[in-house]
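Asks: Turn this into a model:
(one chain, ligands or ions: 1)
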Amino acid sequence: MSEACTHDCSSCKSNCDHRAPQHEPPHARSRIQKVIGVVSGKGGVGKSMTSAMLAVSMRRLGFKAGVLDADITGPSIPRLFGVKGPATGDGESINPVSSRTGVEIMSINLLLDDPEAPVVWRGPVIAGAVKQFWQEVVWDVDFLFVDMPPGTGDVPLTVFQTLPVDGIVIVSSPQELVGMIVGKAVQMAQMMHVPILGLVENMSYAVCPDCGKHINVFGDSHVDEIADKYKLPVLAKMPIDPELAKEADAGMIEMFAGDYLDNAAQTVAKLLKK
Ligand SMILES: Nc1ncnc2c1ncn2[C@@H]1O[C@H](COP(=O)(O)OP(=O)(O)OP(=O)(O)O)[C@@H](O)[C@H]1O
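Replies: Reported below is the predicted structural model:
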């Protein structure tokens, strides 16, 4: 940082660590109040499930919500909501596809002729698709959840640089919740000047259907220790729930009645009340 730093990056050419990212504007006809990134250290921990359930919870709280599926090579948001493409557009803009309850969705699977075809694109092309979802899709939402690809690679970096992310939710599971993985996500968010709203531990436990006992399928949870270490709140401990898996597989995530993420949704909602 220059000694003469005024903290106004727009009038300064210095490329220092403290430079705030220069975000791109969304489409001129978009209305997006808050952008929430949903991240994880590795794949398969339930990041897409969390993004989808958060959007559903925000709808239930009376907000308009959308999900931007930035997981270009492993898109699963349309499947969870049971929506299909093709998304419509006029050459100048693209309309998101609306779910049963009005959650707005954009995903590469809604634009490809064959949603089963693998996306074999190089990093910059993938990052370009995510930018398009921000700049060319006309969103009308209070909260836009961005389902990020796992890890801290090219696409998360593009998202943080392009979109004005208001906060991130870090999703983890007990066996991967070692300090290092959460530590990487925390540091990335800090480098990008993005506040962390808290941690969601998914697949925390399973409930025995006969006696109701909680079984720690993936070992003991360390989420409280980790949260303590990084001074972050634990927003939810979500169990492995066969009913949830069933609704998700059937594209009926909006019909799932569980309230596992209600506390997390309340935390997100506070961003608009500030
Ligand atoms: N709490 C849960 N109970 C039951 N099934 C779950 C739960 N969370 C996730 N699943 C299931 O686990 C699988 C992986 O979840 P999901 O696709 O959300 O993970 P992900 O972290 O987004 O993975 P990737 O990074 O590979 O896209 C899905 O089939 C999902 O339906």
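Asks: Quick one: residues contacting the closest residue to Ser99 other than its chain neighbours.
Replies: Once flanking residues are discounted, Ser99 sits nearest to Phe81: 4.3 Å by Cβ to Cβ, 6 or more residues apart in numbering. Just so you know, the C-beta spots here come from the backbone N, C-alpha and C atoms, and that holds for glycine as well. Taking Cβ atoms under 8 Å, 6 or more residues apart in numbering, we find Phe81 in contact with Ala52, Ser99, Arg100, Val103, Ile105, Gly251, Ile253, Glu254.
Asks: Quick check, Ala236 in contact with Val200.
Replies: Yes. Contact between Ala236 and Val200 holds when scored by Cβ atoms under 8 Å: they sit 4.7 Å apart.
Asks: Among the two, which residue is more densely surrounded?
Replies: Neighbours per residue, other Cβ atoms under 10 Å: of Ala236 and Val200, the larger number sits with Val200, 30 against 25.
Asks: what bridges to that one?
Replies: Val171, Ala236 (DSSP bridges).
Asks: That one and Ser173 touch, don't they?
Replies: No. Look at Val200 against Ser173 with Cβ under 8 Å: they stay out of range, at 9.8 Å.
Asks: separation between the spatially closest residue to Val45 that is not a sequence neighbour and Asp249?
Replies: Nearest-residue entry for Val45: Ser173, 4.4 Å, with adjacent residues in sequence omitted and distances by Cβ to Cβ, 6+ apart. Per Cβ to Cβ, to the nearest Å, Ser173 is found 19 Å from Asp249.
Asks: do the same with Arg122
Replies: For Arg122, the distance to Asp249 equals 31 Å [Cβ to Cβ].
Asks: Check Ala227 too.
Replies: Taking Cβ to Cβ, one finds Ala227 at 31 Å from Asp249.
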